[in-house]
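In: got a sequence here, can you model it:
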Amino acid sequence: MDCSVDYVVLRLKRADTPFFRRARKAIDFCLTATMPVPRIVKPIGRLFYGLRFYAPILWSRFKSIIYTTPVFSCRCESVGKHLQLSALPHVQGHALLYIGDDVRLSGSLTVTSGRFQSSPTLRIGNRSFLGHNVTITCNREVIIEDDVLIAGECRITDYDGHPASFEKRVCNGLPAAEDIQPVRICKGAWIGFGAVILKGVTIGAGGIVGAHSVVTHDVPPYCVVAGAPAKVVKVVGPPGSVAFEPLAAAA
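Out: Prediction:
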């Protein structure tokens, strides 16, 4: 008699004998059974439900105070007041890091740099926010000014990853100076989820980059860009003006 798992599962699905019918009913009961919760127990259950979410947050904050932030601060050239870390950033290479006041790094941050320049520099301004799984490649200079919001999964790089010259690529040569160009994200800019900011790009003050956009050229101040490559789709006026004015009307 075949006693393999596949054979037993097949017989349970068929339920073609009294034994397998009873076994199938028992399994169905286990898969669909629920336990009623008396009303008197619900307040305690809600407490445990809330602790399920807040306990890890409190533990993460405690660990950040006594371990994550002090250790990361030792890696940086300077760190401002009230830095908030959800996880220890992964910094690979010799980039110089300057962090402003009230910066929040929500989740994993990766910073990489090659050995092309002597002092690649990453600056993150006051009150800026970087979401989960942001990756920054800094081989010359990446500047993130004050009040910048960068959503999760974004990629910012001042280098394409390989030299543009075929001869240098095949012999693992160093990139030319024009292959590495600084990136600047100006005050109040907002970078949407999964966007890619490539070398030499400046995001103007108050600019907005749509989700999953690929930015290859400068973004004018107070403009919304989207697409791959990203293009201006709207104009948002400076503080005090009408927000999200259509591009045609603003021209």
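In: so what's the spatially closest residue to A164 that is not a sequence neighbour up against?
Out: Counting by C-beta to C-beta, 6 or more residues apart in numbering, D179 is the residue found nearest to A164 once chain neighbours are left out, at 5.5 Å. Backbone N, C-alpha and C define where each C-beta goes, glycine included. Residues in contact with D179, defined by C-beta atoms under 8 Å, 6 or more residues apart in numbering, are Y159, D160, P163, A164, K199.
In: quick one: those as JSON lines, columns for distance to A226 and pLDDT too.
Out: Output for the contacts of D179, formatted as JSON lines (distance: C-beta to C-beta, whole Å; pLDDT from 0 to 100):
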{"residue": "Y159", "distance to A226": "24", "pLDDT": "89"}
{"residue": "D160", "distance to A226": "22", "pLDDT": "84"}
{"residue": "P163", "distance to A226": "30", "pLDDT": "75"}
{"residue": "A164", "distance to A226": "27", "pLDDT": "74"}
{"residue": "K199", "distance to A226": "20", "pLDDT": "95"}
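In: what residue ranges in the stretch 51-200 of the chain are flagged as low confidence?
Out: Along the stretch 51-200 of the chain, the model assigns pLDDT under 70 to no residue.
In: burial check on V170, number of neighbours?
Out: Per other C-beta atoms under 10 Å, the neighbour tally for V170 reads 9.
In: any idea how far it is from P163?
Out: Distance of V170 to P163, given as C-beta to C-beta, to the nearest Å: 10 Å.
In: just the buried subset of the contacts of D179, please.
Out: Y159, P163, K199 (16 or more other C-beta atoms under 10 Å).
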